[in-house]
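Participant: Predicted coordinates and the sequence they were generated for:
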Amino acid sequence: MKTLFISFDGMDGSGKGWAVQKLADRLRADGLKVWAGPPRAEVGSCYEQAKDPAGVPAYVERVISLRGRLAAEHDVVIWDRSPVTLIGWWGFGTDLVPVEELFEMLRDTFADISILLQPPLEVCRVRALRSDRPESKMAKTEAYFQAFADSTTRTVEFLKPRLGNRFVAFEDNEAAVEWAYQMVKRLDTHFDLHLTNACPLKCPTCCFGAGEGTKTEQAIDGRLRDIVDAGFAAGIREFHLMGGEPLTLGARLVELMRYIRERGGRTHLLTSGYNLQHADEILPLADAVFVSLDGPRDTHNRTRGLPIFDNACEFIRRAVSHGCKIRIGTVVSRQNISTAHQVVDVLAELGVSPRSLCWMNMSPTGGLFSQTHGDRAVSSAALDNYLAPEEWLGFVARLKNDESIRSLPWAKVEPAFSNRPENLGCELLQGKRRVMVMSDGSMYLCPMLTPLPSDSNILEGDPVAALVRLLSWSPDGSDPCEDGCQGGCLGYAKLFGNGTCDARCGNPCVASRLPERFRLSEALVRQGYRPMCPCRTVQVKDL
């Protein structure tokens with residue numbers, strides 16, 4: 001995985017040290033290499049530096065140098081204090097440097113995810129007064145404490161529109177640690193390798209437009225091992241094998257999965273389970289299997305275009321018998337919105353408790369466009385299956401209010417829209433590295449970008465260098481919406497909007513090619529709803 005930088009900031013007594021240690025302990029228990037603590041031993045004290053404005057550039061250089069050294073040796077780096085504190089203390093607390101100038105100096109030093117802890121002020125003050133740590137001595141004066149509180153408020157107002165979805169605040173420290181832990185798990189780098197675009201099914205909800213033509217079908221055929229080797233060389237260990245339909249490769253799929261296993265990698269197979277011919281050879285080589293189920297038999301067979309329901313169920317049964325982690329995905333559209341919740345009943349009849357079952361709002365990236373990789377002409381026929389925000393949120397509410405579903409620990413949903421700030425944000429802009437290589441060799445960081453022309457192709461030149469360049473991409477640190485909208489998806493912005501704001505948000509700043517009925521209504525906007533990353537999942541019980 002690409003090294004992920006996380007920071008915890010807040011006034012003295014806010015619980016930064018506890019949060020840093022708690023998160024580090026959980027991540028280390030998962031086998032990750034973690035550096036955690038205050039960086040001042042390496043870069044110096046920001047309080048001491050406040051006496052010397054001329055030394056600020058050198059301080060920033062030391063921070064950048066430390067980031068580089070830590071990134072070379074660790075999976076996750078957790079700062080106890082970060083440039084967020086410097087903006088507050090140097091920019092607003094001491095007026096050491098004009099704040100706009102200071103932000104530009106620090107722009108490249110902010111963490112991928114900056115978390116501000118804001119427990120009640122009196123709680124922080126009591127903790128600080130009890131502390132014996134030397135660095136807390138200043139916080140024992142009321143004037144210092146009030147100045148820090150004032151600068152924190154101004155810091156939030158200043159940074160939120162500039163860092164956008166990379167900057168979040170929590171009053172509850174335990175909730176902040178849990179949120180950060182789940183973000184690390186979501187942002188872990190994995191490799192989506194689209195082995196083929198061929199698929200015997202004709203699913204209108206396919207987000208990759210599988211089965212469209214054959215001209216790119218053989219593009220990466222014969223180079224699969226080279227591409228896997230490049231993934232290993234770039235530090236990737238988890239390979240998601242998908243399509244199209246990967247089962248169409250038959251024995252070649254078995255050979256590739258065996259090769260990845262022999263090299264010490266993990267495989268996650270994404271399939272419809274339509275064909276059982278090689279199932280008992282494939283499944284022992286899979287660490288996890290993701291199978292699509294759209295509803296009960298009649299619904300599933302109708303949406304898939306072929307009577308494959310029984311085979312899909314048998315594929316799931318065999319995956320369980322081989323010890324695979326089972327994940328089920330249900331894409332919800334107009335075709336199955338009335339029966340999609342019944343997937344729970346299908347799994348009960350199979351006697352299967354999956355690692356997760358996720359209901360997903362139909363994503364307008366495959367069938368919505370006349371072809372993938374460049375043609376942005378919207379297919380009006382595909383919109384007939386696409387749900388308006390009110391329809392989708394109504395479905396989500398029904399899941400939430402169904403106690404038999406809400407009580408399932410593995411029941412998840414991709415909300416698509418939320419009025420909770422902690423749920424909002426584009427995962428790509430927050431540091432997600434989901435390397436995708438399509439069947440024609442084109443490369444992407446997010447499935448929402450696949451209809452657009454690719455900037456790179458793994459078949460052209462050195463595949464390792466191509467992967468490393470893609471993994472090195474970083475967001476520019478700005479909010480995707482100039483008006484400070486905290487939701488958003490970079491893909492929706494580029495596909496349907498002006499490139500800077502999610503076309504679903506319904507605000508006046510959006511120049512949208514997405515029909516108005518598929519954008520948030522004024523009523524939902526007034527309730528605080530904003531579009532969120534369409535790939536982000538939330539447990540139904542936490543809605």
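Facilitator: Received, thanks.

Participant: Pretty sure residue 220 sits in a helix.
Facilitator: No - going by DSSP: H, G, I helix; E, B strand; the rest coil, the assignment for residue 220 is coil, not a helix.

Participant: Would you check that it makes contact with residue 440?
Facilitator: Yes - at 7.4 Å, residue 220 counts as touching residue 440 under the criterion of C-beta atoms under 8 Å. To be clear about C-beta, it is placed using only N, CA and C from the backbone, and glycine gets the same treatment.

Participant: Can you name the element that comes right after the longest helix anywhere in the chain?
Facilitator: Counting residues, the longest helix found in the chain (DSSP state H) is helix 142-163. Following helix 142-163 in sequence order, the next helix or strand is strand 167-170 (DSSP states H and E).

Participant: Which SSE is immediately downstream of that following strand?
Facilitator: Following strand 167-170 in sequence, per DSSP H and E, is helix 173-187.

Participant: Which positions within that next one qualify as buried?
Facilitator: Residues of helix 173-187 classed as buried by neighbour count (16 or more other C-beta atoms under 10 Å): 173, 176, 177, 178, 179, 180, 181, 183, 184, 186, 187.

Participant: Show me which of those is closest to residue 331.
Facilitator: residue 186 (19.5 Å; C-beta to C-beta).

Participant: While we're on the closest one, how confident is the model there?
Facilitator: We have a pLDDT of 65 for residue 186.

Participant: same check, this time on residue 387
Facilitator: At residue 387, pLDDT is 90.

Participant: Just to check, it is in contact with residue 333?
Facilitator: Yes - using C-beta under 8 Å, residue 387 is in contact with residue 333, at 6.5 Å.

Participant: Compare the two and say which one has the larger neighbour count.
Facilitator: Between residue 387 and residue 333, residue 333 has the larger neighbour count (other C-beta atoms under 10 Å), namely 23 against 18.

Participant: So for residue 220 and residue 440, which sits in the more crowded spot?
Facilitator: Taking neighbours as other C-beta under 10 Å, residue 220 and residue 440 compare with residue 220 leading, 23 against 19.

Participant: can you tell me which residues contact that one?
Facilitator: Residues near residue 220 by C-beta atoms under 8 Å, 6 or more residues apart in numbering: 195, 227, 437, 439, 440, 441, 458, 459.

Participant: Could you check how far the fifth one is from residue 26?
Facilitator: Computed with C-beta to C-beta, to the nearest Å, the distance linking residue 440 and residue 26 is 40 Å.

Participant: how about residue 6, secondary structure?
Facilitator: Classified using three-state DSSP, residue 6 is strand.

Participant: now swap in residue 327 and tell me
Facilitator: strand.

Participant: bridging residues for it?
Facilitator: residue 290, residue 356 (DSSP bridges).

Participant: hang on, the earlier thing: now the buried residues of helix 173-187 as JSON lines including distance to residue 349?
Facilitator: Below are these laid out as JSON lines (distance: C-beta to C-beta, whole Å):
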{"residue": "173", "distance to residue 349": "43"}
{"residue": "176", "distance to residue 349": "40"}
{"residue": "177", "distance to residue 349": "39"}
{"residue": "178", "distance to residue 349": "34"}
{"residue": "179", "distance to residue 349": "35"}
{"residue": "180", "distance to residue 349": "38"}
{"residue": "181", "distance to residue 349": "34"}
{"residue": "183", "distance to residue 349": "35"}
{"residue": "184", "distance to residue 349": "36"}
{"residue": "186", "distance to residue 349": "31"}
{"residue": "187", "distance to residue 349": "35"}
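
Participant: Can you tell me which of those residues is nearest residue 304?
Facilitator: residue 186 (28.3 Å).

Participant: ok, back up a step: now tabulate the contacts of residue 220 in JSON lines and tack on distance to residue 391, secondary structure and pLDDT.
Facilitator: Listed next are the contacts of residue 220 as JSON lines, based on distance: C-beta to C-beta, whole Å; DSSP: H, G, I helix; E, B strand; the rest coil; pLDDT from 0 to 100:
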{"residue": "195", "distance to residue 391": "34", "secondary structure": "coil", "pLDDT": "90"}
{"residue": "227", "distance to residue 391": "39", "secondary structure": "helix", "pLDDT": "91"}
{"residue": "437", "distance to residue 391": "34", "secondary structure": "strand", "pLDDT": "90"}
{"residue": "439", "distance to residue 391": "33", "secondary structure": "coil", "pLDDT": "86"}
{"residue": "440", "distance to residue 391": "34", "secondary structure": "coil", "pLDDT": "85"}
{"residue": "441", "distance to residue 391": "37", "secondary structure": "coil", "pLDDT": "89"}
{"residue": "458", "distance to residue 391": "38", "secondary structure": "coil", "pLDDT": "89"}
{"residue": "459", "distance to residue 391": "41", "secondary structure": "coil", "pLDDT": "87"}
